[in-house]
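Visitor: Got a predicted model here, sequence first, then my questions.
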Amino acid sequence: MKLIKQSSCMLFIGFLLLVNGCAGMVFGGHKVIGGMFYADTAANEDVTANPVGSKTGEACAKSIMGWVTTGNASVQEAAKNGGIKKITAVDNKFSNILGVIATYCVVVVGE
């Protein structure tokens, strides 16, 4: 019985190491800073010549183990969600927990 518990534990640890980071890799084409076990970061994507606005809008996409990814993290969706007509800046937020669940959000600032 003890051998079965140890084998199961080792198998589970091996599985976690194998899939670690898979969810976060889905959003690798963006300026995100990932972490092997945990990430919660923000970065700037783009800035325009428009004056700094007071409104913000956000749009997100989520991934589960890199197997299923859903959501609309487009600039257009973020602007629509914030009621923004003139975009000042586009930022992003990224979070990743053990490579199992990852979230990528686009944050738009403007008027």
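Guide: Structure's in. What do you need?

Visitor: List the contacts of residue 74.
Guide: With contacts defined as Cβ atoms under 8 Å, 6 or more residues apart in numbering, residue 74 is in contact with 59, 106. Backbone N, C-alpha and C define where each C-beta goes, glycine included.

Visitor: Residue 48 reaches residue 84, doesn't it?
Guide: No: at 11.5 Å, residue 48 and residue 84 do not qualify as touching, with contact defined as Cβ atoms under 8 Å.

Visitor: Between those two, tell me which one has more neighbours.
Guide: Neighbours per residue, other Cβ atoms under 10 Å: of residue 48 and residue 84, the larger number sits with residue 84, 20 against 13.

Visitor: Averaged pLDDT, the helix or strand containing residue 41. What do you get?
Guide: According to DSSP states H and E, residue 41 maps onto strand 38-47. With pLDDT averaged residue by residue, strand 38-47 scores 83.

Visitor: how about the next helix-or-strand element following that strand: buried residues?
Guide: Stepping forward along the backbone from strand 38-47, the first helix or strand reached (DSSP H and E) is strand 55-64. The neighbour-count check on strand 55-64 (16 or more other Cβ atoms under 10 Å) flags 55, 56, 57, 59, 60, 61, 62, 63 as buried.
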